[in-house]
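Novice: Predicted structure and sequence below. I'll ask about it afterward.
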Amino acid sequence: MEEVNQTSSRRFILLGLSNVPYLQALCFFLFFIMYVITLSGNLLLVTVVRINPKLQTPMYFFLSNLSIIDIGFSSTITPKILINTLAKDRSISLLACAVQMFFHLALGSTECFILAVMAYDRYAAICRPLHYNTIMNKMLCVSLVVGSWSFSFMNSAIHVVLTFQLQYCKSHHVNHFFCEIPPFLRMSCQDTLLNEIAMYISAGIIAMCSFCLTLISYVHIISTILRIRSSQGRNKAFSICASHLTVVALYYGTIMCMYLKPRSTYSPETNKIVSILYTAVTPMLNPIIYSIRNKDVKNTVKREQKNTFL
């Protein structure tokens, strides 16, 4: 008989998005398309930044990191969704589940930090243009990126350890399409107060602080833009800010909705929809909104295409 506290032999069953055949086919098609677009867009951005010396700036350095995060973030979850959508066996081992949860949390947290850093970079460029090169020097940029990655991975390790120290005697059926913390807390027969407190503190420090830094940066940016005399310049700047803030609000909003809401309001179906937004939709949109619409990126792509055919 399987002992619930013998985690080494435990396997979990991911219930997925739907058991209806035609909905499964639709989900497979949509996730496959989103994954292809995500990989193509983000790989294109990383490649363009690498081959164009003019794009060796702090902004594109942060954008490249964001693209790498989005590739890893999507690849941690989407392939498993595609496999489970078609496979009869939806089980996942404890180790595989822990690894998926670890990278999902780590990359998600890193994205929060990088988005905040990008907002600060834009603040320095627009509000302090004469001091931009001094403020956003190479040492600071590297330190911000390394600090973001390091803190996020350490934070993720703590949460994974806390989560899988729990005993799961209620069920091994996870009402989700990947291994995420909230469904596991619902499955445990132990008191999860410590896990919830740790989750709220972590989400508050990472998501809320990053979002506030982003918001403060954009308050200063918009204040500066309003003083621009050219209406064309103001409209262009506001358009860029609106696009950036839309994705930031979508990403942070879904993260906070997932990790900061009370346990009493937990809804598996709602959580699945929220998770789709920040695990599949946002990584697909990021390269489009931040980069592919950018003239420097498009001109580099066109030039490389022209050189290829010559």
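Specialist: Thanks, I have it. It should be emphasised that the depicted structure is a prediction, and the values quoted were computed from it without experimental measurement.
Novice: wait, residue 31 sits on residue 281?
Specialist: No - in this structure residue 31 lies outside contact range of residue 281 using CB atoms under 8 Å: 10.5 Å. The way it works is simple: take the backbone N, C-alpha and C, and place the C-beta from them, glycine included.
Novice: quick one, which of the two is more surrounded?
Specialist: With other CB atoms under 10 Å as the criterion, residue 31 and residue 281 differ in neighbour count, and residue 31 comes out ahead with 22 against 16.
Novice: Pull the distance from the helix or strand where the more buried one lies to the chain's centre.
Specialist: Assigned by DSSP states H and E, residue 31 falls within helix 21-51. Relative to the mean C-alpha coordinate of its chain, helix 21-51 is positioned 14 Å out (CA atoms, centre = their mean, to the nearest Å).
Novice: now for it, which elements pack on it?
Specialist: Secondary structure elements in contact with helix 21-51, counted by 3 or more CB pairs under 8 Å, 6 or more residues apart in numbering; DSSP states H and E, are helix 58-86, helix 282-287, helix 295-309.
Novice: so can I have CSV of those helices showing mean pLDDT and mean neighbour count?
Specialist: Listed next are these as CSV, based on pLDDT from 0 to 100; neighbours: other CB atoms under 10 Å:
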stretch, mean pLDDT, mean neighbour count
helix 58-86, 89, 21
helix 282-287, 84, 24
helix 295-309, 64, 12
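Novice: Nearest to residue 154, out of those helices?
Specialist: Closest to residue 154 of the helices and strands packed on helix 21-51 is helix 58-86 (CB to CB; 16.3 Å).
Novice: what's the following helix or strand after that closest one?
Specialist: Using DSSP H and E, the helix or strand that follows helix 58-86 towards the C-terminus is strand 91-93.
Novice: Would you list the strands that that following strand pairs with, along with their directions?
Specialist: Paired neighbours of strand 91-93 in the sheet (DSSP bridges): strand 11-14 (antiparallel).
Novice: follow-up on the earlier one: could you provide the helices and strands packed on helix 21-51 in a markdown table, with additional columns for distance to residue 112?
Specialist: Output for the helices and strands packed on helix 21-51, formatted as a markdown table (distance: least, CB to CB, whole Å):
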| stretch | distance to residue 112 |
| --- | --- |
| helix 58-86 | 10 |
| helix 282-287 | 11 |
| helix 295-309 | 24 |
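Novice: quick one: which of those is nearest residue 188?
Specialist: Nearest to residue 188, of all those, is helix 58-86, at 22.0 Å by CB to CB.
Novice: The closest one - contacts with which helices or strands?
Specialist: Helix 58-86 is packed against helix 21-51, helix 94-127, helix 138-164, helix 282-287, with contacts defined by 3+ CB pairs under 8 Å, 6+ apart.
Novice: now the angle between helix 94-127 and that helix, please.
Specialist: Comparing the axes of helix 58-86 and helix 94-127 via axes from the mean of the first three to the mean of the last three CA atoms, to 10 degrees yields an angle of 150 degrees.
Novice: Understood, closing this out.
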